[in-house]
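Trainee: predicted structure and sequence below. I'll ask about it afterward.
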Amino acid sequence: MTTSPASSAKPELIERVRANLAVLRERIARSAPDPNAVRVVAVTKTFGVDEITAAAQLGLTTLGENYVDELCEKRALTAGLALTWHYLGALQSNKIARALRCADVLCAVAREKELEKIASLKPGATIDVQVDFTGEGRRNGATPSEVGALVERARTLELDVRALMVVAPRDPSAARVAFSTTTSLAEAFGVRERSMGMSEDLELACELGSSEVRIGRALFGPRSPGGDLA
């Protein structure tokens, strides 16, 4: 890969991201009860250091990445920037240690065995518990009925449960149930953040209590399938 360390993004890229961010802020303002309480996580999957640098120059300093190798490489290449990195991908047992070294938050914890391994490798680590509403075994996430026990177990292990995270179903009525239930679960178990909403469904998520939206394409533009980091 030919990506170089971060310095300053090209002015045209900054202006494009600035314009997209303004539209994004308007969408949040129209739907969130308190727009200032909604954080934007810039998702860098398939995007490179230039986009990361542009986001940072515009004040977006919380970044999300879906793949461990890319996360570690991007973190190293942007070490001069004051960024917070969220690892958004499913946790593979053989990559948890590396994810913990490179991420500030592990955002897709869904099983007790993951909690135990995280606690053994990094006591006090910050995590999000992912909730799944699809009922499909191939999807990552705990069922709503499992969330309370997972949060309690994580706290017993002295992990910091930062948020409940959800990827909502595409159907709007099902998404409404997912978002409202996640907000209710977070309130019931004293979890401080609700990571809900992406480029397509952020309005509904904000309306129903999101405190954090995860945005890639609506911020940076279309992704190239399988695109590298450059």
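Mentor: Everything's here; your move.
Trainee: what are the ranges of the strands in the chain?
Mentor: Taking DSSP state E as the criterion, the chain contains strands spanning 39-43, 62-65, 84-87, 105-109, 126-131, 160-166, 193-196, 212-215.
Trainee: would you format those strands as TSV with distance to Ala32 included?
Mentor: No exception for glycine: its C-beta is placed from N, CA and C like everyone else's. What follows is the strands of the chain, written out as TSV (distance: least, CB to CB, whole Å):
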stretch	distance to Ala32
strand 39-43	11
strand 62-65	17
strand 84-87	20
strand 105-109	20
strand 126-131	20
strand 160-166	16
strand 193-196	11
strand 212-215	9
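Trainee: please name the residues that touch Ile28.
Mentor: Counting by CB atoms under 8 Å, 6 or more residues apart in numbering, Ile28 makes contact with Pro35, Val38, Val40, Leu202, Cys206, Val213.
Trainee: only whichever of these are buried, select them in ChimeraX.
Mentor: A single ChimeraX command suffices to select whichever of these are buried according to 16 or more other CB atoms under 10 Å:
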select :38,40,202,206,213
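Trainee: would TSV of the contacts of Ile28 with pLDDT be doable?
Mentor: As requested, the contacts of Ile28 are exported to TSV (pLDDT from 0 to 100):
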residue	pLDDT
Pro35	97
Val38	98
Val40	98
Leu202	97
Cys206	98
Val213	98
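Trainee: and of the contacts of Ile28, the nearest to Lys10?
Mentor: Val40 (21.2 Å; CB to CB).
Trainee: who's the closest one bridged to?
Mentor: Val213 (DSSP bridges).
Trainee: and the longest helix for this protein?
Mentor: Scanning the chain for the helix with the most residues, using DSSP state H, yields helix 11-31.
Trainee: quick one: it to strand 39-43, angle?
Mentor: Relative orientation of helix 11-31 versus strand 39-43 (axes from the mean of the first three to the mean of the last three CA atoms, to 10 degrees): 140 degrees.
Trainee: buried residues in helix 11-31, which are they?
Mentor: Leu13, Ile14, Arg16, Val17, Asn20, Leu21, Leu24, Arg27, Ile28, Ser31.
Trainee: and those, which is closest to Ala168?
Mentor: Ser31 (14.3 Å).
Trainee: neighbours of the closest residue to Ala188 other than its chain neighbours, just the number please.
Mentor: Ranked by CB to CB, 6 or more residues apart in numbering and with sequence neighbours excluded, the top spatial neighbour of Ala188 is Gly148, at 7.4 Å. If you count neighbours by other CB atoms under 10 Å, Gly148 ends up with 14.
Trainee: same question, Lys10
Mentor: Using other CB under 10 Å, Lys10 has 11 other residues around it.
Trainee: once you drop chain neighbours, what's closest to it?
Mentor: In space, and not counting its chain neighbours, Lys10 is closest to Asp50: 6.8 Å by CB to CB, 6+ apart.
Trainee: now do the contacts for that neighbour.
Mentor: Counted by CB under 8 Å, 6+ apart, Asp50 has contacts Ala9, Lys10, Leu13.
Trainee: quick one, what contacts Leu219?
Mentor: Listed by CB under 8 Å, 6+ apart, the contact partners of Leu219 are Val17, Asn20, Leu21, Leu24, Val40, Ala42, Val43, Ala55, Leu60, Ser199.
Trainee: and those residues as a markdown table, adding distance to Gln92?
Mentor: Listed next are these as a markdown table, based on distance: CB to CB, whole Å:
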| residue | distance to Gln92 |
| --- | --- |
| Val17 | 31 |
| Asn20 | 32 |
| Leu21 | 32 |
| Leu24 | 31 |
| Val40 | 27 |
| Ala42 | 24 |
| Val43 | 19 |
| Ala55 | 27 |
| Leu60 | 28 |
| Ser199 | 26 |
